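Novice: I would like to see how this sequence folds:
(one chain, ligands or ions: 1)
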Amino acid sequence: MRTIDFPPELRSFLHRTSKLAALTGAGVSQESGLRTFRDAQQGLWAQYKPEDLASPEAFARDPKLIWDWYTWRREAIKGVRPNPGHYALVEIEKQIPEFTLITQNVDGLHRMAGSQNVFELHGNIQLVRCSECGEFADEWDDDLESVPQCKACGGLLRPDVVWFGESLPLDQLEGAVEAARTCDVFFSVGTSGVVQPAASLAHAARNNGAVVVEINAELTSLTEKADFFFHGKSGEILPELVKALWS
Ligand SMILES: [Zn+2]
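Specialist: Predicted coordinates:
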């Protein structure tokens, strides 16, 4: 395994920082073997476009079809585990006085790994809430002929994910923006930087004087502007960073 050279300036920033925010995207989940949204549409789901399965209009048109698609995806996630990149972020959280993890991923793997202060911008596919009153459901029956209903109001249950055309959960978004604006170091990890408003968080951090570190297997629109860029898998680079800095 190659050893990564972490520049002395970066080491010094990381040793001094009291406030670090990290944004993670699909790349981090893919390293756990999770398929991307589009890749997940296999078999009988291949005939649908993402917006045909993940929009309020689609749910209104055919709630059972949408419910079944998410049940299928939840099942697919069951065998997936956090990877070394997830665990390295848990370690970093222990080292930095104020650490915020912001994720675009809906799989819940960061919480499963042990991250504490997490904002999930696009929701969490493991959680289910009422489409009418918003009440979360702890349990539901997946074997019904129809979509299970809310115990409080009888409304149809739906996954707690953000669909096309829906706004992001305000509390999560506000927490993420605040963390980006006030951090001294901002990590952008495995995110393509094309989905707004997550993509603007790195720029908000940079405009407020934070050191921006990008870790990505691909080059992105952020790469040229980042103060430090590490090309490769977060599951390899982050554990090495933890080892180099804090062990
Ligand atoms: Zn309800």
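Novice: OK, contacts around Ala88?
Specialist: Applying CB atoms under 8 Å, 6 or more residues apart in numbering to Ala88 gives the contacts Ser234, Gly235, Leu238, Pro239, Leu241, Val242. C-beta here means a position set from N, CA and C on the backbone, and glycine is covered the same way.
Novice: Distance check, it against Ile125.
Specialist: Relative to Ile125, Ala88 is positioned 23 Å away (CB to CB, to the nearest Å).
Novice: helices or strands up against the helix or strand of the chain with the lowest mean pLDDT?
Specialist: Ranked by mean pLDDT, DSSP states H and E, the weakest helix or strand in the chain is helix 50-53, scoring a mean of 86. Using 3 or more CB pairs under 8 Å, 6 or more residues apart in numbering; DSSP states H and E, the elements in contact with helix 50-53 are helix 63-78.
Novice: So which bits of the helix it packs on are buried?
Specialist: The neighbour-count criterion (16 or more other CB atoms under 10 Å) identifies Pro63, Ile66, Trp67, Asp68, Trp69, Tyr70, Arg73, Ile77 as the buried residues of helix 63-78.
Novice: residues in contact with stretch 136-145?
Specialist: Here stretch 136-145 has contacts from Lys64, Thr71, Leu127, Val128, Arg129, Cys130, Pro148, Cys150, Lys151, Leu157, Asp160, using CB under 8 Å, 6+ apart.
Novice: Count the neighbours of Thr191 for me.
Specialist: Residues near Thr191, counting by other CB atoms under 10 Å, number 27.
Novice: How about Leu23?
Specialist: 28.
Novice: any idea which helix or strand carries Leu23?
Specialist: Assigning secondary structure by DSSP states H and E places Leu23 in strand 19-24.
Novice: Which parts of the chain are strands?
Specialist: For the chain, the strands defined by DSSP state E occupy 19-24, 98-103, 118-120, 123-130, 136-137, 157-161, 185-189, 211-216, 228-231.
Novice: The second one: how far from the chain's middle?
Specialist: In terms of CA atoms, centre = their mean, to the nearest Å, the gap separating the centre of strand 98-103 from the centre of its chain is 11 Å.
Novice: Send over stretch 120-138 as CSV, restricted to the C-alpha atoms.
Specialist: Output of stretch 120-138 as CSV, limited to C-alpha atoms (Å, rounded to 0.1, in the frame of the first residue of the first chain):
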residue,chain,number,x,y,z
GLU,A,120,-28.4,14.1,6.5
LEU,A,121,-29.3,16.5,3.7
HIS,A,122,-31.3,14.1,1.6
GLY,A,123,-32.9,12.2,4.5
ASN,A,124,-32.4,8.6,5.5
ILE,A,125,-33.8,5.6,3.6
GLN,A,126,-34.1,3.5,6.8
LEU,A,127,-36.6,5.9,8.3
VAL,A,128,-40.3,6.0,7.4
ARG,A,129,-42.7,8.8,8.0
CYS,A,130,-46.3,9.8,7.3
SER,A,131,-46.8,11.6,4.0
GLU,A,132,-49.6,13.6,5.7
CYS,A,133,-48.7,14.5,9.2
GLY,A,134,-44.9,13.8,9.2
GLU,A,135,-45.0,11.5,12.2
PHE,A,136,-42.2,8.9,12.1
ALA,A,137,-43.2,5.2,12.1
ASP,A,138,-41.1,2.7,14.2
